[in-house]
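S.K.: pasting the sequence and the predicted model now:
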Amino acid sequence: MRVVAVMNYKGGVGKTTLTANLGAVAAARGLRVLLLDLDPQTNLTFSFYSIDDWHHQLKDSNRTIKQWYEGELPGRDIPLADLVVTPERVNKVLDGTGGRVDLISSHLGLIDIDLQLAALLGGATTIEGSKRRFLDLHSCLRHALRDSHFTQYDLVLIDCAPNFGIVTKTAIVASEQVLVPAKADYLSTLGLDYLVGNCAELVRQFNDFVSHKGGSEEHRPIDPGILGVVFTMVQIYSQQVTLAQHAYIEEVRLNSRVPVLDSRIRNSPRHFGDAGESGVPAMLRTAGRDEVVREFDQLADEVLGSLGLTSGDHR
């Protein structure tokens, strides 16, 4: 199983659209994919469930990630596996591929969870206790994904909120790689090095605390890599990226610490304008192989190849 956090400090960069469609393309290739929605906006969840279905099937039955993060320590009262659901409409389309998309739903109230977790983090009375609490709290998702239930998955994609709160940090600790969607503009690329720096600082602090504890089966060092930036919502003119956007892409490629993927996803209201309404990502609804389908195929080749996941043939 490979675990990838999808994140950017800047919202509105097509992060959720990319997560849903990349997961769908991977599943269409025969992989078993788990999508974990950690964004309080809940858009990834609403890409597969209508708001009415979310209320009746998930929210009212306490089957969202919000309930899991609540309590004295995340996951202590509810096993993460109990929250996994299988969206019916998308999996009907995937029938016969050998692949599957499962989901752990978010909740609009997740926005308040970071404050609760910060209070837990400050509850220790000794330095030793503080370090133990830090490791326990930041490792909660990592430990939960070790449950034998999750061995059935090839790929876990975590849709993170556009911030660096504790919930997002638990996703980074749990992940092997971080994928960064970005628009080719000033505001979307401005914080890329800052994001990488914050990830590196989290890894340094976490591993320092692990070393202080001597290491154990419970807490081991982490080393999440930056898989790369994928530029989304790209404007194409005469089959080329516009000059203004090309300049931003080259600026990141030449001067940023963040690797840049070769893949680009163009802006396409025709494909993504009604995202979520059908419960099936656009790449599974589009007839034929147009430019956008080819771009997502290239992205899947690049991402899955770097993770050592090529297809579900091993099943």
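M.R.: Okay, I see it.
S.K.: count of residues packed around Pro87?
M.R.: 20 (other Cβ atoms under 10 Å). Backbone N, C-alpha and C define where each C-beta goes, glycine included.
S.K.: looking at it, it is touching Tyr49, isn't it?
M.R.: Yes: contact status for Pro87 versus Tyr49: in contact at 6.4 Å, counting by Cβ atoms under 8 Å.
S.K.: so what sits against both of those two?
M.R.: Counting by Cβ atoms under 8 Å, 6 or more residues apart in numbering, the residues touching both Pro87 and Tyr49 are Leu103, Gly279.
S.K.: in which helix or strand does Leu227 reside?
M.R.: strand 225-234 (DSSP states H and E).
S.K.: who does Asp37 form a beta bridge with?
M.R.: Asp159 (DSSP bridges).
S.K.: tell me the contacts of it?
M.R.: Asp37 sits in contact with Leu44, Thr45, Ile65, Leu103, Ile104, Ser105, Ser106, Asp159, where contact means Cβ under 8 Å, 6+ apart.
S.K.: over to Pro74?
M.R.: Contacts of Pro74 (Cβ under 8 Å, 6+ apart): Trp68, Leu117, Leu137, Cys140, Leu141, Ala144, Thr170.
S.K.: then Ser106?
M.R.: Counted by Cβ under 8 Å, 6+ apart, Ser106 has contacts Asp37, Leu38, Asp39, Pro40, Gln41, Thr42, Leu44, Thr45, Thr64, Ile65, Lys66, Asp159.
S.K.: ok, now with 10 Å
M.R.: Ser106 makes contacts with 36-46, 54, 58, 64-66, 159, 161, 167, as judged by Cβ atoms under 10 Å, 6 or more residues apart in numbering.
S.K.: top of the contacts of Asp37 by neighbour count?
M.R.: Ranked by neighbours (other Cβ under 10 Å), the contacts of Asp37 are led by Thr45, which has 30 neighbours.
S.K.: next helix or strand past the host helix or strand of that one?
M.R.: Element membership for Thr45, per DSSP H and E: helix 43-46. Per DSSP H and E, the first helix or strand lying C-terminal to helix 43-46 is helix 51-53.
S.K.: now for the following helix or strand past that following helix, which elements pack on it?
M.R.: Heading C-terminal from helix 51-53, the first helix or strand you meet, by DSSP H and E, is helix 65-69. Under the contact definition 3 or more Cβ pairs under 10 Å, 6 or more residues apart in numbering; DSSP states H and E, helix 65-69 sits against strand 32-38, helix 113-121, helix 140-144, helix 166-174.
S.K.: next, the buried residues of the second one.
M.R.: Judged by neighbour count (16 or more other Cβ atoms under 10 Å), helix 113-121 contains these buried residues: Ile113, Asp114, Leu117, Leu120.
S.K.: ok, now how distant is the nearest residue to the third one once chain neighbours are set aside from Phe48?
M.R.: Among residues not flanking Leu117 along the chain, Ile166 sits closest, at 4.2 Å (Cβ to Cβ, 6 or more residues apart in numbering). Distance check for Ile166 against Phe48: by Cβ to Cβ, to the nearest Å, it reads 26 Å.
S.K.: how about Gly225?
M.R.: 28 Å.
S.K.: same deal with Leu18?
M.R.: Counting by Cβ to Cβ, the gap from Leu18 to Phe48 is 15 Å.
S.K.: which one of those two is surrounded by more residues?
M.R.: Just comparing Leu18 and Phe48: by other Cβ under 10 Å the higher neighbour count belongs to Phe48, 29 against 23.
S.K.: test my guess that that one contacts Glu277.
M.R.: No: taking contacts as Cβ atoms under 10 Å, Phe48 lies outside contact range of Glu277: 11.1 Å.
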